[in-house]
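Engineer: give me the fold of what follows.
(one chain, ligands or ions: 2)
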Amino acid sequence: MNHPDPAPAVSKSLRLRRLLDSPRLESLMEAHNGMSARIVEEAGFAGIWASGLTLSAQFGVRDNNEASWTQVVEMLEFMADVTDIPILLDGDTGYGNFNNLRRLVKKLGQRGIAGVCIEDKLFPKTNSFIAGERQALADIEEFCGKIKAGKDSQEDPDFCIVARVEALIAGHGLAEALKRAEAYHAAGADAILIHSKLPRPDEIVAFAREWAGRAPLVIVPTKYYSTPLTVYREARVSLVIWANHMLRAAVEAMQAAACSIHDSGTPVHVEDHIASVEEVFRLQGAAELAAAERRYAGAQRPDTSAVILAATRGQALADLTEGRPKGMLSVGGKPLLRRLADELKKQAVNDITVVAGYRADTVDLAGITLVVNEDHAESGELWSLACAASRFTADMVLLYGDLLFRGYILRDLLDSDAEVTVVVDSAPILAPPSGSPDLAYCSRPDDRSLLAPDIRLLRISSERPPKGVAPSGRFIGMLRVRGAGRDWLTDALATLRGRPESLQLSLPDLLNHLVALGRPVQVLYIHGHWLDVNSLADLERAGDFTRGGSGK
Ligand code: SPV
Ligand code: MG
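Structural biologist: Ligands and ions are numbered 1, 2, ... in the order given. Reported below is the predicted structural model:
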């Protein structure tokens, strides 16, 4: 669903006013709730008639003001929220006297309703097609006072008040109808709705001829519906209201479906004739929510999985890792690997594989799949990664098991749609890193003024940079592999495994291999906000980081 622009250039009230003032014949279609309003807008109508009859009917009550005005206004809010076209409310008699109308007009303005139509009958009213001739009309002066009060209370100058003349319905004839219309126009009504219950447009045409365009004229051809539009054009009618057709269409469709399913005991016969559930989702704006979830909640990547490399002991942490790998060291009261898994799950990455090695028996974490690299003592990262090959998916994140990072880093990585994306920290390296420096050289330095720049990895190296050459940053040990990237990864692992040094190869070796093959490896720059744990000092910093410290 295209939810309406929060600040459309032309207000809804002004657009309704333009429809009324337009020299062309315009039309409104009835709607009675958010869904029908969406359907009317999608069909191409320029405005909506919020019908008293159908709003009552969808509540299952009669068109006799049985639904309260606040219940009507509440429904109107749903309708206005999901559409971008003006809504003209059928406000019946204004739900009381001039004072009730003042409050109604104020509330409608606040809810983004473009105008209200009030009719010169008495509260509580009855639908014009139910014994219309027996219905009492309002006193002209009293009704004019109501119109004036409404106009005086509108805060938006373009809000429209349409005065509906019921004289023809009540059988008072053309002269009375014209007298009333003239008085209402003089009282400030923006348009006149002239209603007729005859099956032919004769009364309407006669009225229009005498009215002669003194103010915009609105009609409701429910009973004389077969009249060609040219008749209205010639009569200089401004606006035609199709007042109840959405509800009537729904009633018949619902009756047919309900009877068929009840009588046959199965929906088989109706399934092809009713809207699909997907169509309902579409009209509800499900796509917009899914996009928002991706944007704001990091959700909805059903196939994104993660492989965490956590086979090493973490030698530099001495006694602390005597009985467990460093991934199981507690930071801020939680093992590092638990923190990582929680961070992944926050972004809806729920399929998590941990490749353990050293003291794999101590890695007992709920909600992960454990894979063991039995050769951990002699092998490196790539060997561990290859142990998880059967767990690879077409969309996965690979991470070192000793990482801590702020949530946005993973979220931004998951927004990347490149086949391979590596996270590179461009913050200056102030102190010699405790682990391997993994210096990244990229096609462009980090320029944070550039929006989503296309930056490629050139190489990663732990060697001192040659004189005059500055690395672009540091690979933090996190990357994402998607689509064809998965095949590149699998092929690379197979190739590298055949090399004599294969046992010792690292993730940077793999990435350098991909770059050498001409595979594009995208760079996602960050600026701090992470750390890895290689030393006792790192461990102390990690505790600080979990309490909100700055990390690197
Ligand atoms: C409505 O739609 O509620 C109207 C038009 O008032 S009619 O039912 O034709 O009176
Ligand atoms: Mg009505």
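
Engineer: following element in sequence after the longest strand anywhere in the chain, please.
Structural biologist: If you go by DSSP state E, the chain has its longest strand at strand 473-482. Per DSSP states H and E, the first helix or strand lying C-terminal to strand 473-482 is helix 484-497.

Engineer: so how far is Phe129 from the residue of the stretch 201-350 of the chain found nearest ligand 2?
Structural biologist: Nearest residue of the stretch 201-350 of the chain to ligand 2 (Cβ to the ion) works out as Ala243 at 7.4 Å. Just so you know, the C-beta spots here come from the backbone N, C-alpha and C atoms, and that holds for glycine as well. Distance, Ala243 to Phe129, by Cβ to Cβ, to the nearest Å: 10 Å.

Engineer: between the two, what contacts are shared?
Structural biologist: Overlap of the contact sets of Ala243 and Phe129 (by Cβ atoms under 8 Å, 6 or more residues apart in numbering) consists of Thr222.

Engineer: between these two, who's got more neighbours?
Structural biologist: Ala243 (22 against 14; other Cβ atoms under 10 Å).

Engineer: for ligand 1, see how far away that one is.
Structural biologist: 4 Å (Cβ to the nearest ligand atom, to the nearest Å).

Engineer: give the contact list for that residue.
Structural biologist: Glu30, Trp49, Ser51, Leu53, Thr54, Asp90, Val220, Thr222.

Engineer: repeat that for Gln255.
Structural biologist: Contacts here follow Cβ under 8 Å, 6+ apart; on that basis Gln255 touches nothing.

Engineer: C-alpha coordinates for the longest strand of the chain, PDB please?
Structural biologist: In PDB, the C-alpha atoms belonging to strand 473-482 read as follows (Å, rounded to 0.1, in the frame of the first residue of the first chain):
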ATOM      1  CA  GLY A 473      41.300   0.700   7.800                       C
ATOM      2  CA  ARG A 474      41.100  -2.600   9.600                       C
ATOM      3  CA  PHE A 475      39.000  -5.600   8.700                       C
ATOM      4  CA  ILE A 476      37.100  -6.300  11.900                       C
ATOM      5  CA  GLY A 477      36.400 -10.000  11.200                       C
ATOM      6  CA  MET A 478      32.800  -9.700  10.000                       C
ATOM      7  CA  LEU A 479      31.500 -10.200   6.500                       C
ATOM      8  CA  ARG A 480      28.400 -11.100   4.700                       C
ATOM      9  CA  VAL A 481      28.100 -13.500   1.800                       C
ATOM     10  CA  ARG A 482      25.000 -13.600  -0.400                       C
END
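
Engineer: and that strand, average pLDDT?
Structural biologist: In this model, strand 473-482 has a mean pLDDT of 96.

Engineer: where's it relative to the chain centroid, distance-wise?
Structural biologist: From the chain centre to the centre of strand 473-482 is a distance of 30 Å (Cα atoms, centre = their mean, to the nearest Å).

Engineer: sheet partners, orientation included, of that strand?
Structural biologist: Each strand paired with strand 473-482, and its direction, by DSSP bridges: strand 395-400 (antiparallel), strand 420-425 (antiparallel), strand 439-442 (antiparallel).

Engineer: how far off helix 484-497 does that strand point, in degrees?
Structural biologist: 110 degrees (axes from the mean of the first three to the mean of the last three Cα atoms, to 10 degrees).

Engineer: tell me the contacts of Leu493?
Structural biologist: Leu382, Leu385, Ala386, Ala389, Leu510.

Engineer: what do you get if the cut-off is 6 Å, keeping everything else the same?
Structural biologist: The contact partners of Leu493, by Cβ atoms under 6 Å, 6 or more residues apart in numbering, come to Ala386.

Engineer: am I right that Arg164 is in contact with Lys125?
Structural biologist: No: counting by Cβ atoms under 6 Å, Arg164 stays clear of Lys125, with 10.5 Å between them.

Engineer: so those two - more neighbours on which side?
Structural biologist: Arg164 (27 against 20).

Engineer: is any residue of the strand or helix carrying that one near ligand 2?
Structural biologist: Arg164 belongs to strand 160-165 when assigned by DSSP H and E. No: applying Cβ under 5 Å from the ion, one finds strand 160-165 out of contact with ligand 2, separated by at least 8.5 Å.

Engineer: Arg448 and His527: what is the separation?
Structural biologist: From Arg448 to His527 the distance is 7 Å (Cβ to Cβ).

Engineer: check what pLDDT Leu329 gets.
Structural biologist: Leu329 is given a pLDDT of 87.

Engineer: that one: how many residues sit nearby?
Structural biologist: By other Cβ under 10 Å, neighbour count at Leu329 equals 19.

Engineer: residues contacting it?
Structural biologist: Contact analysis of Leu329 by Cβ under 6 Å, 6+ apart lists Leu336.

Engineer: secondary structure class for the residue lying closest to Val397 once chain neighbours are set aside?
Structural biologist: Excluding the flanking residues, the one nearest Val397 by Cβ to Cβ, 6 or more residues apart in numbering is Ala306, at 4.6 Å. Taken by DSSP: H, G, I helix; E, B strand; the rest coil, the conformation at Ala306 corresponds to strand.

Engineer: any idea how far ligand 2 is from the nearest residue to Val331 once chain neighbours are set aside?
Structural biologist: Ranked by Cβ to Cβ, 6+ apart and with sequence neighbours excluded, the top spatial neighbour of Val331 is Ala542, at 4.5 Å. The gap separating Ala542 from ligand 2 is 68 Å, by Cβ to the ion, to the nearest Å.

Engineer: what about Ala542, neighbour count?
Structural biologist: 24.

Engineer: swap in Ser264?
Structural biologist: Other residues close to Ser264 by other Cβ under 10 Å number 11.

Engineer: ok, Met478 next?
Structural biologist: Neighbours of Met478 (other Cβ under 10 Å): 24.
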